[in-house]
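1. can you look at this prediction? I've put the sequence above it.
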Amino acid sequence: MKLKYTKTTLSKLEQIFKEADYKVRYEKGQFKSGYCLIYQKKIIVVNKFFDTKGRIDSLLDILGEVKITLEQLSTMSMSLYKDIFDISPQQEKLVA
């Protein structure tokens, strides 16, 4: 899926993490990858100096690393999640 690098897309990605009980924070730091993921506390820290595109790319990278079940997500967030990972209805049963 081709995402648009807009603030709306960023907000939708942040919403997915919020619904999965992750906190997304933007702070300065010396992260080699531009972000830090603290699994135990479900906190995601992204470099605050990133522009919208950098923030979206970081959140997409993280989204591929964390375990999120579809039941946690609202219909709108679930739709975006499925589009990002190109999940078909047959594959949905395996993910959920």
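-> Done, it's in.
2. for Glu14, give me its contacts.
-> Val24, Leu59 (C-beta atoms under 8 Å, 6 or more residues apart in numbering). From N, CA and C alone the C-beta is placed, and that goes for glycine too.
3. where in this protein is pLDDT low?
-> Within the chain, the segments meeting pLDDT under 70 span 1, 88-96.
4. in it, which spans are strands?
-> Applying DSSP state E to the chain gives strands spanning 23-27, 35-38, 43-47.
5. helices and strands around the second one, which ones?
-> In terms of contact count using 3 or more C-beta pairs under 8 Å, 6 or more residues apart in numbering; DSSP states H and E, strand 35-38 is assigned the packing partners strand 43-47, helix 52-65.
6. for these, which one sits closest to Glu27?
-> Distances from Glu27 to each of the helices and strands packed on strand 35-38 were compared by C-beta to C-beta, and the smallest falls on strand 43-47, at 5.4 Å.
7. give me the angle between that closest one and strand 23-27.
-> With axes from the mean of the first three to the mean of the last three C-alpha atoms, to 10 degrees as the criterion, the two stretches strand 43-47 and strand 23-27 enclose an angle of 30 degrees.
8. just the strands of the chain: most buried one?
-> Of all the strands of the chain, strand 43-47 has the most neighbours on average by mean count of other C-beta atoms under 10 Å, namely a mean of 20.
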